[in-house]
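Peer 1: quick one, what's the 3D model for this:
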Amino acid sequence: MYTFKNGALDLVKIGQENLRQVRRNYSTARLVEEIIMSYEGQLCNESAVIVRTGHAMEPTHHDLFIVHDDSNKKIDHGPKINALKPYQYENLIRRMLSYIQNKRLYVQNCYASENKQYSIPIRIVTEKAWHSLFARNIYYPIADDQKLEDFEPAFSVIHMPQFQSIPELDGTRSQSAVVINLSHKVVIVCGCSYAGNIIQAVSTMIHYLVPDNFFLMRGSSCMSTSGDVAIFLGRAGTGKTTLAADSQTIFIGDSLHAWFPKGLISYERGMYPNVLNTIPDDSPEIHACIQKFGTVLENVSIDMISRETRLSDSDLTLNPRACFHKTCLSNISSQEIFPHPKHLFLVTCDPLGVLPPIIRISPEQAILSFLSSYSAVFIQTEDRQVSLEQNFCFGALSPVYPPHIYSEKLRKLIVQHDIACWVINTGWSGNHFSESSRMPIKYSRAAVRAVMSGALDQMEFSVDPVFRYRIPNACPGIPREILNPRKQAKNEADYELRANRLVAEFIKDFSKYEDQIPEDIKGLIISLLPGGDQLDYQRIGFSM
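Peer 2: Now for the predicted structure:
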């Protein structure tokens with residue numbers, strides 16, 4: 001019923017036999033027309049396209065499945081990875097191919113990365129025109145018709161949100177699933193319209209395809225006018241894209257990067273930031289791109305009469321997104337390979353108010369922070385109230401390798417290239433989130449500018465007695481009194497309690513995974529855990 005051509009699903013054969021129409025590599029303008037004529041979305045007053053994803057407004061991390069066969073021995077089949085049996089995959093794909101019979105599909109043949117030597121050809125097949133526009137914005141479309149004739153994808157992503165998986169037949173958990181078959185080099189995304197799943201699918205396949213000397217990172221990056229590159233790693237919602245898209249730096253990329261012996265490359269030409277509460281004063285570059293023609297606004301609120309966007313409205317979701325290509329920005333570079341990074345920023349949103357706005361850390365501390373993935377999680381309840389929870393997600397990475405493999409690669413790169421490591425806290429500092437306001441983005445941006453300009457190289461630092469990181473005593477653009485959260489706390493005793501509780505949570509989180517980590521790396525991490533070799537926090541009774 002289906003064939004594979006050079007490792008990718010042969011849609012040409014399927015199209016001849018089963019499909020009503022295949023619309024290949026439609027331009028931005030034609031796709032916008034299709035979106036409007038098919039009632040998939042509507043135009044806002046500034047000509048961006050507004051779309052809705054229905055019940056699914058977040059990535060389906062728990063619904064990621066990999067077909068378990070002999071081809072994926074490289075995969076870390078740990079507790080976070082859902083394995084699908086080959087026969088279950090066969091059931092799923094055969095039902096999906098039956099579903100698409102006599103349907104109109106959209107195909108974008110494009111490249112991840114514009115560097116000819118390292119680019120990866122991908123085919124993205126969607127049943128909705130707006131998802132095809134999304135793919136065209138994020139990746140590099142082919143402009144030359146002759147090249148389209150010779151195009152051979154390294155893998156295909158088949159995005160069918162209206163086709164639903166059946167857990168009892170397919171071995172999935174719900175009607176939504178992202179199913180990866182590494183043998184066939186095919187990813188099926190079904191039951192979910194959230195477009196970020198396309199990025200997740202492509203990123204996971206790229207992790208599998210690149211050489212072992214490529215260190216892949218999910219984060220943003222930029223370069224100073226003097227040529228110093230900075231990378232920003234962190235959980236969703238911490239502000240990585242906002243900090244990288246600064247008018248005083250050159251923007252490189254928003255999501256997936258490869259750090260390899262020649263330098264840094266970005267695999268995407270597009271950006272996909274969360275735009276809730278985006279205002280011109282704080283994020284002029286991103287705000288200017290939001291309204292441009294060809295931009296896809298996903299789950300962004302709109303006034304139905306004036307068609308004006310309401311970026312401060314979170315009633316629909318806390319995760320409204322905008323998708324546009326980075327050429328909308330004024331400060332980009334035509335470089336295809338960028339220099340090795342000089343600065344590593346680990347971006348977090350601390351809801352406890354324990355962490356300072358800017359911290360200098362050692363390479364070893366950077367590895368611990370990288371693995372712990374500590375940050376806040378914003379949760380919207382059924383009655384539309386917003387709550388915050390502190391959260392750890394140990395090794396929140398691609399499933400291709402165990403987390404400690406990534407951490408060891410990163411540690412070697414940091415040491416080899418003498419990278420300055422920092423933590424940026426875009427959350428709360430000094431007081432609990434229920435008692436204060438979140439850190440103004442202008443202060444976080446000032447901290448990044450101070451680092452990249454070299455201004456902090458001349459400053460004195462103080463060592464925190466609990467966490468052992470270094471806090472600058474002064475930083476241009478940030479009031480001196482907010483640099484140290486202890487001095488900001490309304491109640492110093494309460495602050496110390498919160499700090500020690502966070503230490504206990506670090507230890508507790510690490511203990512869940514320590515049996516998966518080699519002894520030498522385990523010993524290094526234990527030595528870095530604040531007070532971990534001195535206090536028994538469970539006995540003392542610190543717990544959240």
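
Peer 1: in this structure, where's the longest helix?
Peer 2: Taking DSSP state H as the criterion, the chain has its longest helix at helix 492-511.

Peer 1: helix or strand right after that one?
Peer 2: For helix 492-511, the succeeding helix or strand toward the C-terminus, using DSSP states H and E, is helix 519-528.

Peer 1: which residues touch that following helix?
Peer 2: Contact with helix 519-528 is made by 364-365, 367-368, 371, 404, 407-408, 510, 514, 517, 532-533, as judged by CB atoms under 8 Å, 6 or more residues apart in numbering. Where you see a C-beta, it was placed from the backbone N, CA and C, and this is true even at glycine.

Peer 1: now S453, nearest residue through space, not along the chain?
Peer 2: S224 (7.4 Å; CB to CB, 6 or more residues apart in numbering).

Peer 1: hmm, back to that, and the longest helix of the chain, what other elements does it pack with?
Peer 2: Applying 3 or more CB pairs under 8 Å, 6 or more residues apart in numbering; DSSP states H and E, we find helix 492-511 packed against helix 363-372, helix 485-488, helix 537-540.

Peer 1: what pairs with the helix or strand just after the first one, parallel or antiparallel?
Peer 2: In the C-terminal direction, the helix or strand that comes right after helix 363-372 (DSSP H and E) is strand 375-380. When pairing is defined by DSSP bridges, strand 375-380 lines up against strand 386-391 (antiparallel).

Peer 1: show me which residues of the helix or strand following the strand it pairs with are buried.
Peer 2: For strand 386-391, the following helix or strand on the C-terminal side (DSSP H and E) is helix 403-416. Neighbour-count burial for helix 403-416, counted by 16 or more other CB atoms under 10 Å, picks out P403, H404, I405, Y406, S407, E408, K409, L410, R411, L413, I414.

Peer 1: the first one contacts L371, doesn't it?
Peer 2: Okay, so that is P403. Yes. Counting by CB atoms under 8 Å, L371 is a contact partner of P403 at 5.8 Å.

Peer 1: adding mean neighbour count, write the helices and strands packed on helix 492-511 out as a markdown table.
Peer 2: Shown next, in a markdown table, are the helices and strands packed on helix 492-511 (neighbours: other CB atoms under 10 Å):
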| stretch | mean neighbour count |
| --- | --- |
| helix 363-372 | 21 |
| helix 485-488 | 18 |
| helix 537-540 | 12 |
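
Peer 1: for D254, which non-adjacent residue is spatially closest?
Peer 2: Nearest non-adjacent residue to D254, counting by CB to CB, 6+ apart: M271, 4.2 Å away.

Peer 1: how about the helices in the stretch 51-200 of the chain?
Peer 2: For the stretch 51-200 of the chain, the helices defined by DSSP state H, counting those that start in this stretch occupy 86-99, 129-138, 145-149, 167-170, 196-209.

Peer 1: now do the shortest one: which elements does it pack against?
Peer 2: Under the contact criterion of 3+ CB pairs under 8 Å, 6+ apart, helix 167-170 touches helix 86-99.

Peer 1: show me what counts as buried in the helix it packs on.
Peer 2: For helix 86-99, using 16+ other CB under 10 Å, the buried residues are Q88, Y89, N91, L92, I93, R95, M96, L97.

Peer 1: for the residues you listed, which one is nearest Y39?
Peer 2: Of all the buried residues of helix 86-99, Y39 sits closest to M96, with 23.7 Å by CB to CB.

Peer 1: my read: the closest one touches I158, true?
Peer 2: Yes. Counting by CB under 8 Å, I158 is a contact partner of M96 at 7.2 Å.

Peer 1: what sits in contact with each of these two?
Peer 2: Here M96 and I158 have I188 as joint contacts, going by CB under 8 Å, 6+ apart.

Peer 1: E336 and M459, how far apart?
Peer 2: Distance of E336 to M459, given as CB to CB, to the nearest Å: 35 Å.

Peer 1: for S334, same thing?
Peer 2: 35 Å.

Peer 1: ok, those two, which is more surrounded?
Peer 2: Taking other CB atoms under 10 Å, S334 and M459 do not tie; M459 has more neighbours (14 against 5).

Peer 1: quick check: that one vs C475, distance?
Peer 2: Relative to C475, M459 is positioned 7 Å away (CB to CB).

Peer 1: now swap in A489 and tell me
Peer 2: Applying CB to CB to A489 and C475 gives a distance of 19 Å.

Peer 1: one more: Q117?
Peer 2: Where C475 is concerned, Q117 sits at a distance of 40 Å (CB to CB).

Peer 1: now G263
Peer 2: With CB to CB as the criterion, G263 and C475 are 29 Å apart.

Peer 1: ok, now F345?
Peer 2: For F345, the distance to C475 equals 14 Å [CB to CB].

Peer 1: comparing these two, which shows the higher neighbour count?
Peer 2: Taking neighbours as other CB under 10 Å, F345 and C475 compare with F345 leading, 30 against 23.
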